[in-house]
Every structure is written in structure tokens, then in C-alpha cells.
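> here you go, sequence then predicted model.
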Amino acid sequence: MRARILLDFARFKSHLPADIAAHSREHYRVDPTGWFAGRPVRLPFGKGAGQLSMTAKEVRADAEAGLGFVVLKTVIAQDAAGAATMAGWAIHESAMDVGPRVSRTGRTGWTVTWKGRGWDRPFDDYLALYREARAIGEAAGMPVAASVKYHLPPLGAAFQEPEYAYTTTRLAEIGGAGTILEKDFSPTLAADDRSDERDAILRWIAEVPALVKRQAPVTLGMKLMNALFDDDFQVEMLDAAARNPDVDFVTLFNRLWDPEQRVAYGGWDLSDRNLRVLDRHRALHGPVMARRAAMPGFTATGNIGSGRMMVEYGLRGATSGQIHTFFQLPRSAYAADEGSATARALHALLYHPEEGLLVWMVHLGETGDLQPRDGLLHFLDLGHGPARHPD
Ligand SMILES: Cc1cc2nc3c(=O)[nH]c(=O)nc-3n(C[C@H](O)[C@H](O)[C@H](O)COP(=O)(O)O)c2cc1C
């Protein structure tokens, strides 16, 4: 197996297999199928909302590389007249700085420093992107989700429902029955005084899903931020979202906030916190969305820079992962020497001989932590092993 992975790592530097999942089933007896927004995806790796999903060209490159799914950049909700209470989030900022960040435990990882926020072009341009991206995704069997930042009022104030209505119905006109919307509770909310209110956050989680669902029959995800509060609040927030019957999936957890530098950040601090909170949530409440008939679990996000980290989240119940930072490292950080950034990243995520998904799946099969089913080790079985039930 070691010889095989070394060989594949070397030969796939210039091109990935046309069907990565079929190759992995045949040669590694590993089924990498993931699950996102109520449907299976060919790989558990997807692209998180952000600066790398703003054009049809980027989505096409993702589809061609074989990525599992894409979440488009977050658009700010508006009403029919173009009024958007959250318009302050649509600021233009192009400079992004990708660099190292040392975690509290002393590990050096990557983070992206960027002071922008949401989609800063007209809503109609976003609709055009969504239409084209969906067509590309459909042809490739790669789900494409839209991401929206809806109005979030302070406690005691009303929600701007016309903004919910207009934005949701326009997106659903394009997406039809297959519309996937992810509601972004951005980490930069932490810069906003309103996020100091725990009760306000819990109210948003309680009320926003029904407000969206009332407008159109969409598949709705809640992307939860890392709030500025302690782990207990993070668990409470997750439990509230996961129990809400209008929430179809949860994406956990967006970047941390550095109050001194006034920027969001990632790296090892982010995955350390996310994994810790997920363990705590599981010990207290069991698997995330355990009672969902279709597929319990969640979509992970945060420092997924290796297949190994995807497996760490998978062991805690993740059925897929959303990546941003690892898709924008300097070229020299990838072993692959050809292809799009997505293809180069997938090469490492899957085939890296020490850190890749395949080598870790095979390893868990060898230790007996993962039992084969129908002769295959399934990524989606990771969260169901006995070791994963500390409660
Ligand atoms: C430059 C940048 C812009 C982002 N923009 C958005 C956004 O518009 N909406 C959103 O929900 N998340 C956004 N994110 C968060 C990412 O989708 C992702 O969840 C987060 O960065 C953690 O994953 P990572 O460690 O792989 O970067 C952004 C992240 C970065 C680095």
C-alpha cells in the first residue's frame, strides 16, 4: 500500500485521475463519497464561501478538478427596491495576504488576512453567477450552493422580512427544487457590537431558519461562527441550530476573531477550537443532528489543509468539509506541478503519503477503527465507530 501511494503521489502531480472516487474504490478499497446539503458528493472536499468562488471560471476549474461541491461568495440580502440593512457588509477590499500564523500551542499554520466582507457588486450579477455556476455544477455532478447574509436585528427589533423574501425568492427562481442556501453568520460579526449579545445570537438561530423557509422551499444550511464567548456557548449555539427543524444542515465553525488586529484568522487555533467544541458537544448531546433520517452529521470548516484533518473532523461526525485557505497557498506549497490551484490542493489532500485522506482511511481500516462495508472503507462511516461515542 505504501508503494502504491508513493507511486500515485508521484504520477498524479501532473494530472489527477479523471474519476478520483472510482480510482480510490478500485485501488484502495476506499469510498471517499461525502454528503453535503442532503445529497451525496463525489468527494468530501468542497470550497467554502469566499474570494475563491466569485466567478464562473473558478467554479468551472473546481468542477474539472473533481471537487465535491462549491459554496459561492456570500451575498448581502436586499429587498425589491435594493435596500439592504446589512449593506455595511458589502465593502470592497481586494488585498489578501496569505501567510503563516503560529497557534497558541506553537504550531505554524496558514492564515489569510483580509478585511473585506460580502459580495460588493450588484445583486443581479450574483444571480447571473449563481445561474451559470449551477449549470456548470449540474453538468459535473457537483452541487453549488449560494451563501447569504440576511438581516440580523438587535434584540427587541424586528427582522426586515422584505429582504428575506426578495433575496430568497430570486435565488429559488434560479435554483428551483435544488436550491441550496447557506446562511452566513460571519466571524467578522464579532467586530459588531450586536454580537456581544448572547441572547441576540440565540434568537437569530431560533428565528432566521423559519423566516427563510417561509419564502421558498430551499435546502437551508446555517454556517455558525466562532463567537467571542467560551466553549460552552459554542456548544449551546450548535445545539440550538441542530435542533431547529427548519435547519437542513450546519457548517461548523467559521474563523476566529483577533480583537487586537481586528481581523478574522484561521490555522491550528481554529481547528483546535473546532475539534474541542465538537468533542464537547458530542459528549453532552451525542452526534450532531442524530435524528435526521437522511444523514446525521455536519459540514466542517477550519484548517482543512490535509486529508488527515478531514478525517479528524470525519471522526467527529463531519460528512464533508469546506476549504478556503488551503486553496490559496503559494504555488511552492503544493507538490503538484500542474493544474489549477484546486487540482493541486486535491492532489495533496488525497494522495499525500503521510497526510492524505487515502493513507489515513487505510490506516484506520488496519487498526480496526473503521470496519469495511461491502468490501470498502467508507468515509461516511468514520463518525459511527465505537470510539466516537464518548457519551
Ligand atoms: C478571504 C476569505 C473570505 C471569506 N469570505 C467568506 C464569506 O463571504 N462567507 C462565508 O461564509 N465565509 C467566508 N470565509 C470563510 C471560509 O469559507 C472558511 O469557512 C474559513 O476560512 C475556514 O476555512 P479555512 O481554514 O480552510 O480557510 C472567508 C474566508 C477567507 C479566508
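Now that the structure is in, tell me what you want to look at. Numbers count the residues shown, from 1 in each chain.
> how about the residues of the stretch 251-391 of the chain by the ligand?
By C-beta under 6 Å from any ligand atom, the residues of the stretch 251-391 of the chain that approach the ligand are 254-255, 266, 270, 301-304, 322-326. Quick note: C-beta positions are derived from backbone N, CA and C, even for glycine.
> check the residues you listed and tell me the two furthest apart.
Using C-beta to C-beta, these reach their maximum pairwise distance at Asn254 and Phe326, which is 15.4 Å.
> when these two are compared, which one has more neighbours?
Ranked by neighbour count (other C-beta atoms under 10 Å), Asn254 and Phe326 place Asn254 first, with 27 against 24.
> who touches the more buried one in this structure?
Each residue near Asn254 by C-beta atoms under 8 Å, 6 or more residues apart in numbering is listed here: Asp184, Phe185, Ser186, Pro187, Lys223, Leu224, Met225, Asn226, Ala264, Thr301, Gly302.
> name the member of those with the most neighbours.
If you count neighbours using other C-beta under 10 Å, the busiest of the contacts of Asn254 is Gly302, which has 30 neighbours.
> looking at it, that residue is touching Trp268, isn't it?
No. Assessed by C-beta atoms under 8 Å, Gly302 is found out of contact with Trp268, at 9.8 Å.
> any figure for the gap between Trp268 and Thr167?
Here Trp268 is placed at a distance of 36 Å from Thr167 (C-beta to C-beta, to the nearest Å).
> neighbour-wise, which of these two wins?
Applying other C-beta under 10 Å to Trp268 and Thr167 shows that Thr167 carries more neighbours, namely 29 against 22.
> wait, what's in contact with the nearest residue to that one once chain neighbours are set aside?
Among residues not flanking Thr167 along the chain, Ala77 sits closest, at 4.0 Å (C-beta to C-beta, 6 or more residues apart in numbering). Listed by C-beta under 8 Å, 6+ apart, the contact set of Ala77 reads Ala84, Met86, Val148, Lys149, Tyr150, His151, Glu163, Tyr164, Tyr166, Thr167.
> what of Pro162?
Contact partners of Pro162, counting by C-beta under 8 Å, 6+ apart, are Asp79, Ala80, Ala83.
> go through stretch 277-286 and flag the buried ones.
Neighbour-count burial for stretch 277-286, counted by 16 or more other C-beta atoms under 10 Å, picks out Val277, Leu278, Asp279, Arg280, His281, Arg282.
> so which of the residues you listed is the closest to Gly175?
For the buried residues of stretch 277-286, the minimum distance to Gly175 (C-beta to C-beta) is 29.7 Å, reached by Leu278.
> tell me which helix or strand the closest one sits in.
Using DSSP states H and E, the element containing Leu278 is helix 268-285.
> now do that helix: which elements does it pack against?
Helix 268-285 sits against helix 231-243, strand 249-252, strand 256-258, helix 307-315, with contacts defined as 3 or more C-beta pairs under 8 Å, 6 or more residues apart in numbering; DSSP states H and E.
> how about the ones you listed, which one is nearest Met96?
strand 256-258 (15.9 Å).
> what is the burial count for Gly317?
Gly317 has 23 neighbours, counted by other C-beta under 10 Å.
> which residues touch it?
Applying C-beta under 8 Å, 6+ apart, we find Gly317 in contact with Leu278, Arg282, Pro287, Val288, Pro296, Gly297, Phe298, Gly383, Arg388.
> test my guess that the fifth one contacts Pro287.
Looking back up the chat, that one is Pro296. Yes. Between Pro296 and Pro287 there is a contact under C-beta under 8 Å: 5.1 Å.
> what do those two both touch?
Counting by C-beta under 8 Å, 6+ apart, the residues touching both Pro296 and Pro287 are Gly317, Gly383.
> pLDDT below threshold where in the stretch 1-150 of the chain?
For the stretch 1-150 of the chain, residues meeting the criterion pLDDT under 70 lie at 89-91, 93.
> so which bits of it are right by the ligand?
Checking the stretch 1-150 of the chain against the ligand by C-beta under 6 Å from any ligand atom, the hits are Gly48, Ala49, Gly50, Gln51, Lys73, Thr74, Met96, Val112, Trp114, Gly118, Ser147.
> tell me which element the fifth one falls in.
Secondary structure here is read from DSSP H and E; on that basis Lys73 sits in strand 69-76.
> beyond that strand, next helix or strand please.
Remark: after strand 69-76, the chain's next helix or strand is strand 97-102, criterion DSSP H and E.
> elements contacting the helix or strand just after that following strand?
The helix or strand immediately downstream of strand 97-102 is strand 108-113, counting by DSSP H and E. Packed against strand 108-113 by the contact rule (3+ C-beta pairs under 8 Å, 6+ apart) you find strand 97-102, strand 263-265.
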